[in-house]
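Student: sequence first, predicted model second:
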Amino acid sequence: TVGGIDAEGITAGVDTFFLIFAGALVFMMQAGFAMLCAGSVRQKNVKNIMLKNLLDACGGAIGFYTVGFGFAYGGDDTTDKTFIGNSYFALRDYTNYAGFFFQFAFAATAATIVAGTVAERCKMSAYLCYSLFLTGFVYPVVVRSVWSSNGFLSAFSADPFQGVGTVDFAGSGVVHMTGGLTALIAAIVLGPRKGRFYDEDGNPLETPASFPAHSVALQILGTFILWFGWYGFNPGSALKIANADSAATAALCAVTTTMAAAAGCVSAMFTDSIIDGMATGETTYDLTMAMNGCLAGLVAVTAGTSVVTPWAAIIIGVVGGWVYIGMSKLLIKLKIDDAVDAIPVHFANGFWGVLATGLFANGGLMATAGYNSEHEGWFYEWGSGSGDGSLLICQLACLAWIIGWVTTIMTPFFILLNMAGMFRVDPLEEEVGLDISHHRGSAYDLSGPSKDHVDELME
Amino acid sequence: TVGGIDAEGITAGVDTFFLIFAGALVFMMQAGFAMLCAGSVRQKNVKNIMLKNLLDACGGAIGFYTVGFGFAYGGDDTTDKTFIGNSYFALRDYTNYAGFFFQFAFAATAATIVAGTVAERCKMSAYLCYSLFLTGFVYPVVVRSVWSSNGFLSAFSADPFQGVGTVDFAGSGVVHMTGGLTALIAAIVLGPRKGRFYDEDGNPLETPASFPAHSVALQILGTFILWFGWYGFNPGSALKIANADSAATAALCAVTTTMAAAAGCVSAMFTDSIIDGMATGETTYDLTMAMNGCLAGLVAVTAGTSVVTPWAAIIIGVVGGWVYIGMSKLLIKLKIDDAVDAIPVHFANGFWGVLATGLFANGGLMATAGYNSEHEGWFYEWGSGSGDGSLLICQLACLAWIIGWVTTIMTPFFILLNMAGMFRVDPLEEEVGLDISHHRGSAYDLSGPSKDHVDELME
Amino acid sequence: TVGGIDAEGITAGVDTFFLIFAGALVFMMQAGFAMLCAGSVRQKNVKNIMLKNLLDACGGAIGFYTVGFGFAYGGDDTTDKTFIGNSYFALRDYTNYAGFFFQFAFAATAATIVAGTVAERCKMSAYLCYSLFLTGFVYPVVVRSVWSSNGFLSAFSADPFQGVGTVDFAGSGVVHMTGGLTALIAAIVLGPRKGRFYDEDGNPLETPASFPAHSVALQILGTFILWFGWYGFNPGSALKIANADSAATAALCAVTTTMAAAAGCVSAMFTDSIIDGMATGETTYDLTMAMNGCLAGLVAVTAGTSVVTPWAAIIIGVVGGWVYIGMSKLLIKLKIDDAVDAIPVHFANGFWGVLATGLFANGGLMATAGYNSEHEGWFYEWGSGSGDGSLLICQLACLAWIIGWVTTIMTPFFILLNMAGMFRVDPLEEEVGLDISHHRGSAYDLSGPSKDHVDELME
């Protein structure tokens, strides 16, 4: 309190409010993922995928509260660079509840990314094991390394790597690549859905079967909810708002987020229309391309959202749309089956986002966002003739580290799960669908009243 | 304005903003209830239930504006304990519009809880009567008694009951139990849906028929929206945010809300899986259990959200899941038909939430949240050897009062409505469904284009 | 910073946060429109309408960023009244990113209003042309004239028209009438859907065919999301919140918005029930009427939301419901086919909203909201005996200007588009539906697993 005014109280209140608002929006992304994934799968697996989406939010909450948050941020009062935290378990001695709430919502996002990829064939118990393991251990280690003051790549440590540290503002790498790469590893170990790439006898199909999304309405609803939630995800990552710099940063995030989403949507859809049009001679517009292009742009801009200009966000989004299409086609070529294209969206564009930040990060914006502006994105450094590649090196190091860590830890995990027969459902259950075989019946019953009764009423 | 700084203006702005934000989220719960209820009923009654959800929000707005708010908070400038308010009708002389907006959203929530329970058989006119009566009179009396400065159980009166008053921070009792108990009374008077517990001749069925939810996708969407909205409901009940105490309270609410929801979901689903597995020998996972467990946890933590620790919230959620399952099974045993299980979620867990606060309320957190911390929850008092049961007595008094008041006023209301033939639809209309008989046709028309036209195009 | 307190920083932070919050809610209205429109059309055109909704948000973002915002607000440092802006293109030299974000969300809303009206028969390429043209040029000119400090009707210019300027606080005229009138012109030029008013041979039908909404569940979800988003649209239009006046204004907006929505819903639905009941002898309740009545009330109150009292908002909503019904019936009489009734909701009620503000605007509230309170709404002026019609003249001038401008510019645009054969799809494609003919297949595949497999599992 200065001169009768409780400035600390007001500031604390506003910043807390901002984190609650942003955390709630990020939490709402769970609904977005649930709708997007449910819409994308076949009718016979709708309940299963939605239950996974709900349970990973719940499991994530408990896992992140008990141990995950402590691993990520525990012991952050020291300035040492450490691999893993060792305090704050179950929030012991930690009082910034709004901060924890915001971080929990991110952890739940990382977990839920995988649900879609392994849909229609993954056992519930395997899913529960994996999502607790990810939110409780694998993801927190990544968070610590890049976001905590003790991380070896963190921009917020006392002595950051290369003098600047990795700029992954809202987590293209930390959240999306971690989730997306886990999905990729899981998809490889788990194998494709029956009938997708191989016939009954195991011979490769000439053309992969494409399984129809059961409800495009749910998909588009999910996409809009995710975009909406991203206004919590990216601006919210400013963590504070009650000062001029944080305010400017959060506002910029809202704009770059919008621009990248729009650009990714337009880029992916029209590119696909052109490619497809050249092959078939007819121009059609694919809604799935538009939606996933949108999400690709959103994922890609997440790392640099606070440090790139709006026009750079547009470029990042346009390229993001292409990255999505390319990766999606590559997966099909490699016969890796991703039921909702989460790998191209989250892994490939998470990668692109971290890299793009190393190219497009603007010094002035970096300073406002709290980074060391002496090491800008490589395009700016190149333009100014300095050629300082420090930031780009940090970004590449971050990519290598996340890929190395997640691959090293998740590959044996999934292989063991698979060897133990705990990963994949029985072939007949897969054919029938998981809703009937595991969840007590179909997700829909659209039958109306009996005709006799209707006739009787109408008389 | 102090020293050139408009601290009052900023504070008023932030607090107003907080209430608008929170009120909007609570309002969004209307969409959650609409989707949850619509998904839970049979396809032939979808329009009917959604119209009820929309109309009770609208009727609630008008009823609460004209009289309800005045009954709840009118005359709160005095320190007398009064049964009912007598000013602020149509907001006359009342200028805290943000406060009214937030309170309206709560009133609409109380009203909408009943819609689901009486779905598929209740007349529209009865529904309108009841929801106006509830939001305009019954609910405001409860609000006044527990939340206003004139309430005989209120913690905010000059001389609170037992020195502390009832702690029902965001309304497990005031909102959810009031709504849920009304639903219970209505369900008893109205009787079960045709074919649910009795055959055509009125003989009890050996096993109750279970009517399939027409769309699980809508149910889960509704659940996620409700959970999202709860971040307005609980943290918003701090009513202010621009000071350190309110900020700490709101942040705690976000965390306890999350933990209880997660715990309730996991508890209900796995408990049900185990019970069912022991009976059938097969382990299945029920999405409805997971969803309602989530909501049970949310309802249960609502009373104590600002005064219990996160681990206590987990315990409250776990028990909430069990309370849900137990009450749900009890209703079936008693042949009371609740189309969406709103009674176990809102009544039973509202009860548990008020009680649990009397056990788990922590003195330090109570002080921050503005309660008299001299009388803590009974577990703490017992632990410290004092055995002071004041708070627990307040909580039990609140339970007795709400049950007494709502039962006394709503039972004759519904019985009279029923005797006047205004409550239940005609049996044939019920058989055909309310959409065709009252709302001009079915909610869906999923028929596609004619095959001839498609063939013609494909040529 | 005064006396160690960064009051400017806090204020900037709170106001920025408010715009991000409000902008995100307004953006969410895109999901509302998508769900409402998709639910309203036949199953064969669901993908098409949702793709249009997604693309106009994306196109709107890019078009408004590159040129639209500059046309609307460019050069606002001068005090001249100018037709169009000439700076800030691609946000060059503009740093209020939060302000731009909020304005973008409005532009996207204006564009998306048209999508529903022309659904089921408009070419995608025509839609893209039109929506870019609207968000990039037509709408920005309207914005400049009414909202910028350089607008000839603006209340915020140095020397406002009639001393007060037009009061269109959140855009009943600027946004909704502009979008709705464009929809009307498009509908006239495009003609009705096949089989709606004329048979195969072009003879008028005795009774117009009514095409069933394919999913009422999506419609009601859309309605609730729109209502929710309106709490960003109207209160957010205060643009600031960190001072007592803005806070009071925003809070009032939340209340008037609620009241008008509720009143419009009740008014439209019961009026329709009475009219229909007198004709058929049976009382039925139409959900579409309730939903569109709600939206009608929301649109109508948007202009005056900050300057009318809650009871005036109720009157505006009630009349809004009637305006909706009247215009809807008139369109059918005139054989103008509006697939989702966007013209009665947005055009007719946008008109009514601007007019109503000229009648009901309250001086005290105008002062708080930053308007010149010397010229009140005509009912107040008349009541006080002054008879000053300045504000009403401004409102009428605004109506004439928007109608004149939009008609002048959009009529030839659509006629040319039509003459070039770029506007309407091929009749057979219309019959088959746009999803199959343009978007690679149907929006739904609700087929379950094969019966053989299910039987095999059950054995």
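Tutor: Happy to help now that I have it. In this text, all values refer to a predicted model and were calculated from it rather than measured experimentally.
Student: check the burial of A:Ser450 by counting its neighbours.
Tutor: Taking other C-beta atoms under 10 Å in any protein chain shown as the criterion, the count of residues near A:Ser450 is 12. For the C-beta atoms, the positions are set from N, CA and C on the backbone; glycine is no exception.
Student: excluding chain neighbours, what is closest to it?
Tutor: Once flanking residues are discounted, A:Ser450 sits nearest to B:Glu431: 7.7 Å by C-beta to C-beta, 6 or more residues apart in numbering or on different chains.
Student: average pLDDT across the host helix or strand of the one you found?
Tutor: Assigned by DSSP states H and E, B:Glu431 falls within helix B:427-432. What helix B:427-432 shows for mean pLDDT is 92.
Student: show me the contact partners of it.
Tutor: A:449-450, A:453-454, A:456-457, B:44, B:120-121, B:193-194, B:424, B:437-438 (C-beta atoms under 8 Å, 6 or more residues apart in numbering or on different chains).
Student: now with 10 Å, please.
Tutor: For helix B:427-432, contacts defined as C-beta atoms under 10 Å, 6 or more residues apart in numbering or on different chains pick out A:448-450, A:452-458, B:44-45, B:120-123, B:193-195, B:424-426, B:436-438.
Student: restricted to helices, list the residues you listed.
Tutor: Applying DSSP state H to the contacts of helix B:427-432, the entries found in helices are A:Asp452, A:His453, A:Val454, A:Asp455, A:Glu456, A:Leu457, A:Met458, B:Ile436, B:Ser437, B:His438.
Student: how deep is A:Thr95 tucked in, by neighbour count?
Tutor: A:Thr95 has 11 nearby residues by other C-beta under 10 Å.
Student: ok, the residue nearest to it when sequence neighbours are not counted to B:Gly264 distance?
Tutor: Excluding its sequence neighbours, the residue lying closest to A:Thr95 (C-beta to C-beta, 6+ apart) is B:Ala248, at 7.6 Å. Going from B:Ala248 to B:Gly264 by C-beta to C-beta, to the nearest Å gives 24 Å.
Student: and the two? which has more neighbours close in?
Tutor: B:Gly264 (35 against 22).
Student: does A:Gly171 touch A:Phe102 like I think?
Tutor: No. Between A:Gly171 and A:Phe102 there is no contact under C-beta atoms under 10 Å: 11.8 Å.
Student: what sits in contact with each of the two?
Tutor: What both A:Gly171 and A:Phe102 touch, as defined by C-beta under 10 Å, 6+ apart, is the set A:Phe233, A:Ser237.
Student: quick check, the residue nearest to A:Thr95 in contact with A:Tyr97.
Tutor: Yes. Applying C-beta under 10 Å as the test, B:Ala248 and A:Tyr97 come out as touching, 7.4 Å apart.
Student: overlap in contacts, these two.
Tutor: A:Thr16.
Student: gap between the residue lying closest to A:Cys129 once chain neighbours are set aside and chain B?
Tutor: Nearest residue to A:Cys129, sequence neighbours excluded (C-beta to C-beta, 6+ apart): A:Leu417, at 6.8 Å. Here A:Leu417 is placed at a distance of 18 Å from chain B (C-beta to the nearest C-beta, to the nearest Å).
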